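> need a structure here:
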Amino acid sequence: MHIDIDDYKSLVSPVRIDDIDFDAFRREPLSADVRRCLRYMHDVELHTVCYLRDLLVTSAHRDPAMTTFLTFWSYEEYWHGEAIGHVLAAHGEPRGESVIRNLRRARRVREGVQPFLHGAASVVAGKGLGAIHMTWGAVNEWTTQAGYAQLSRRAGHPVLSELLGRIMRQEGRHIDFYASRAAAHLAGSRVAQRMTRLALERIWRPVGSEVMGPVETTHLISYLFSGDDGRQMAERIDKRIDRLPGLDGIALIRRARERYGAGDALPVAA
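Predicted coordinates:
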């Protein structure tokens with residue numbers, strides 16, 4: 001689905017939380033596994049501005065429609081992290097600025113070199129960068145939306161389901177932009193198709209995994225994507241990727257699911 005950037009701008013807003021009963025989480029707390037997933041999602045959503053920083057040192061900054069989208073994408077992702085932070089706070093857990101400050105302090109060397117790496121990659125990728133960037137974004141948004149849907153199903157908490165449903169609707173608009181732009185870039189160039197396929201096969205990892213590390217990523221994926229429903233969700237995402245020009249049969253999400261130990265049985269809660 002193509003999304004017009006002016007139409008998208010008119011829809012942008014913080015995810016609505018003024019009518020969410022966060023006290024419900026004090027009355028009916030979420031399980032330890034669900035809260036652990038929420039901590040992952042909170043940290044990654046609030047780290048989005050750093051992804052934006054890395055993208056803007058590439059040739060992506062030359063496209064005004066792209067920079068407009070990325071500005072509002074980062075804005076909405078920030079409010080997703082804030083909304084999840086309210087759920088964590090209701091459980092007496094830290095959230096927001098203090099958590100993210102510590103996260104960035106622990107990654108200060110890596111974060112310092114990331115803009116240089118992305119700038120260099122932009123030069124190497126050349127005209128293929130747009131296809132790689134848009135496809136990468138589409139995959140990340142598909143998996144993020146699926147993760148929220150799976151977490152809602154696993155938790156079975158009506159208030160959390162309402163909040164995550166609102167976040168998922170905004171993620172859906174992000175998907176529309178990324179996926180439509182990815183298809184357009186890929187359709188016009190066999191070189192872009194080959195470069196994008198190579199980048200996904202060799203470099204792509206689940207969104208947030210570089211920030212959160214292998215232990216937390218393994219927990220998230222094994223908890224959310226184990227069992228028949230998790231396998232079916234992964235297959236649906238792979239089918240969406242298959243429909244992008246030149247990416248048929250890449251099986252990206254199936255391989256990620258296997259890499260991070262999501263079997264057919266649900267994990268036993270710690």
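
> what is the least confident helix or strand in this structure?
Of the helices and strands making up the chain, the lowest-confidence element is helix 108-125, at a mean of 67, by mean pLDDT, DSSP states H and E.

> give me the packing partners of the helix or strand just after it, helices and strands only.
Following helix 108-125 in sequence order, the next helix or strand is helix 129-155 (DSSP states H and E). With contacts taken as 3 or more C-beta pairs under 8 Å, 6 or more residues apart in numbering; DSSP states H and E, helix 129-155 sits against helix 32-46, helix 108-125, helix 158-187, helix 190-202, helix 209-225, helix 227-242, helix 252-259. In this view, the C-beta of every residue, glycine as well, is placed from N, C-alpha and C.

> tell me where the model's unsure across the stretch 51-200 of the chain.
109-112, 115-127 (pLDDT under 70).

> highest mean neighbour count out of the helices and strands packed on helix 129-155?
Among those, the stretch with the highest mean neighbour count (mean count of other C-beta atoms under 10 Å) is helix 32-46, at a mean of 22.

> hmm, who's touching it?
30, 77-78, 80-82, 84-85, 87-88, 91, 93, 95-96, 99-100, 103, 147-148, 151, 154-155, 157, 160, 207-208, 211-212, 216-217, 219-220, 223-224, 267, 269-270 (C-beta atoms under 8 Å, 6 or more residues apart in numbering).

> let's see 6 Å
Contact with helix 32-46 is made by 77, 80-81, 84-85, 87, 91, 100, 103, 151, 155, 208, 212, 216, 220, 223, 269, as judged by C-beta atoms under 6 Å, 6 or more residues apart in numbering.

> helix or strand: which one has residue 9?
helix 5-11.

> for the following helix or strand past that helix, name the packing helices and strands.
Next helix or strand after helix 5-11 toward the C-terminus (DSSP H and E): helix 24-27. Here helix 24-27 is seen to pack against helix 64-90 when contacts are counted using 3 or more C-beta pairs under 6 Å, 6 or more residues apart in numbering; DSSP states H and E.

> buried residues in the helix it packs on?
Within helix 64-90, the residues that qualify as buried are 66, 69-70, 72-74, 76-88, 90, counting by 16 or more other C-beta atoms under 10 Å.

> who are the packing partners of that helix?
Short answer (3+ C-beta pairs under 6 Å, 6+ apart): helix 64-90 packs on helix 24-27, helix 32-46, helix 48-56, helix 158-187.

> what's the closest of those helices to residue 15?
helix 158-187 (5.1 Å; C-beta to C-beta).

> the closest one vs helix 227-242, what angle?
30 degrees (axes from the mean of the first three to the mean of the last three C-alpha atoms, to 10 degrees).

> other SSEs contacting helix 158-187?
Against helix 158-187 (3+ C-beta pairs under 6 Å, 6+ apart) you get helix 64-90, helix 129-155, helix 190-202.

> which parts of the second one are buried?
By that I understand helix 129-155. 129-152, 154-155.

> circling back to that earlier point, present the helices and strands packed on helix 129-155 as JSON lines; the columns should include distance to residue 7.
As requested, the helices and strands packed on helix 129-155 are exported to JSON lines (distance: least, C-beta to C-beta, whole Å):
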{"stretch": "helix 32-46", "distance to residue 7": "24"}
{"stretch": "helix 108-125", "distance to residue 7": "29"}
{"stretch": "helix 158-187", "distance to residue 7": "9"}
{"stretch": "helix 190-202", "distance to residue 7": "26"}
{"stretch": "helix 209-225", "distance to residue 7": "31"}
{"stretch": "helix 227-242", "distance to residue 7": "22"}
{"stretch": "helix 252-259", "distance to residue 7": "29"}
